[in-house]
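A.B. asks: Sharing a model prediction with you, sequence too.
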Amino acid sequence: MSVEHYEVVVIGGGMVGTALARALGRQGRRVALVEAHAPRPWRGDEPYDLRVSAINRASQRLFEQLDAWRAMLERRVSPYRRMHVWDAGGTGAITFDAAEIGEPDLGHIIENRVIQEALGDALEGVTEYCPAALESMTVDAARVRLMLADGRELSAALVVGADGARSRVRSLAGIEREERPYGQKAIVATLMTERPHQATAWQRFLATGPVALLPLADGSSSLVWSADSEVADRLMALSDDDFRLELGRATALRLGCVARIGPRAAFPLVGSRVRPYVRPRIALVGDAAHTIHPLAGQGVNLGFMDVAVLAERLADTRRDIGSLRVLRAYERARRAENEGAMRVMEGFKQIFGSRLPGLGWLRGQGLALAGGLPPLKRRLAARALLGGGPPSRADRV
């Protein structure tokens, strides 16, 4: 069987992998995208999907640069203008408003499948292998040779693992992964509340984990309830009626009673990071390189910034794109941002999940202080909107 040759092979055709393949294809490179499972097509008459992402402005700009944003808007996106955060263990609360920072919104809630399908529309210069799975990988001085499970063979100057937390590319490359189980599960569902969500993302910190209601364009909300595993298991075992009552208590009926709720799903929460992100002719992006707690919804945005920076480094270099020098420049640009985000999210989890006496009062004072200092509040809102900001063009190869 003949070997198909490419400049870049991306393993993993989820949101991050498809974004990278699209970016590199638009650079005029010959790219292959390998994905094990065909995505489920989006249909406009279907209910909202359980899996959604809070997309910040940096990711939106990447989608615009890739000419995919309009396709998302033509399907459905849900902008939100405010974010209200409050603590169940105290009196502290803070509200961020897009108007305070001169922006039309603080971000968009978008179904993962909408993002995936829009990015996958008309991939230029990209050959798709789906369904297909990576079986083995051999790296030599000039290229990587890949064997797929169905016997087809590919080769590339660079292989990028965008194949999730259990990355096959990472495993075959011998890159170590450090896991930090959070002892929690995230429960997701779509629901309708008695009162309108007011284009506001609502998040309440409970001792057992944060509960968030994310506004959707049709007036419903997407639930992300991160709870200690035993609590989550108990909640998942409840009937819909009993679960609605528990959720109403958890949100202090801020939007009234939960009028109806769709199917629920739960998945365990694990933080992880790898060292290194790169080897000669190998790079990892997105969940293959790092996962964080979802309480601020930044995980996929960090992955999209990996894409933006790696694509930029490859576009700018005149060197061999698989050389370690080129790939280390990508790693230097992203590791600090990603690990910083992990530490911040874990810090929030520990502070708001602690039952130490007096800490509730301190949390309340901290939220009140931040809310009462307009410059600090604007800075926090801008940080939430922009994430890590647009990729830097410093540190060029």
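C.D. replies: That came through, no problem.

A.B. asks: check contacts around Ile187.
C.D. replies: By Cβ atoms under 8 Å, 6 or more residues apart in numbering, the residues touching Ile187 are Leu223, Val224, Trp225, Ser226, Ala227, Ala232, Leu235, Met236, Arg264, Ala265, Ala266. Quick note: C-beta positions are derived from backbone N, CA and C, even for glycine.

A.B. asks: Mind giving me the packing neighbours of the helix or strand where the first one lies?
C.D. replies: In the assignment (DSSP states H and E), Leu223 maps to strand 221-228. On a contact count with 3 or more Cβ pairs under 8 Å, 6 or more residues apart in numbering; DSSP states H and E, strand 221-228 meets strand 176-193, strand 209-215, helix 229-237, helix 240-250.

A.B. asks: What ranges does the stretch 51-200 of the chain have for its strands?
C.D. replies: Using DSSP state E, counting those that start in this stretch, the strands found in the stretch 51-200 of the chain span residues 52-55, 78-80, 82-87, 93-97, 107-111, 126-129, 134-139, 144-148, 153-161, 176-193, 200-206.

A.B. asks: now the helices for this structure?
C.D. replies: 15-26, 57-65, 69-75, 112-120, 168-173, 229-237, 240-250, 299-316, 324-353, 359-372, 374-386 (DSSP state H).

A.B. asks: hey, which of the ones you listed is tucked in deepest?
C.D. replies: Burial of the helices of the chain is given as mean neighbour count (mean count of other Cβ atoms under 10 Å); helix 15-26 ranks first at a mean of 27.

A.B. asks: Can you report the mean pLDDT over the residues of that one?
C.D. replies: The average pLDDT for helix 15-26 rounds to 98.

A.B. asks: Please compute how far it lies from its chain's middle.
C.D. replies: Put simply, helix 15-26 sits 15 Å off its chain's centre (Cα atoms, centre = their mean, to the nearest Å).

A.B. asks: before we move on, back to that, out of the contacts of Ile187, who's nearest Gly151?
C.D. replies: Nearest to Gly151 among those: Ala265, at 35.0 Å, using Cβ to Cβ.

A.B. asks: Now for the closest one, how many residues are close by?
C.D. replies: Residues lying near Ala265 (other Cβ atoms under 10 Å) number 12.

A.B. asks: Ala21 is nearest to which of the helices and strands packed on strand 221-228?
C.D. replies: Ala21 lies closest to strand 176-193 among the helices and strands packed on strand 221-228, at 23.3 Å (Cβ to Cβ).

A.B. asks: before we move on, the earlier item: ok, so of the contacts of Ile187, who is nearest Phe243?
C.D. replies: Leu235 (6.2 Å).

A.B. asks: Need the helices of the chain in CSV (columns: distance to Val211).
C.D. replies: Shown next, in CSV, are the helices of the chain (distance: least, Cβ to Cβ, whole Å):
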stretch, distance to Val211
helix 15-26, 24
helix 57-65, 24
helix 69-75, 27
helix 112-120, 20
helix 168-173, 32
helix 229-237, 10
helix 240-250, 5
helix 299-316, 18
helix 324-353, 11
helix 359-372, 16
helix 374-386, 18
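
A.B. asks: worst average pLDDT in the ones you listed?
C.D. replies: Note on those: lowest mean pLDDT is at helix 359-372, with a mean of 51.

A.B. asks: for Ala201, what are its contacts?
C.D. replies: Applying Cβ under 8 Å, 6+ apart, we find Ala201 in contact with Ala54, Tyr80, Arg82, Met83, His84, Leu106, Ile109, Ala212, Leu213, Leu214, Pro215.

A.B. asks: try Trp202
C.D. replies: Trp202 is in contact with His84, Ala212, Leu213, Ser221, Thr251, Arg254, Leu255, counting by Cβ under 8 Å, 6+ apart.
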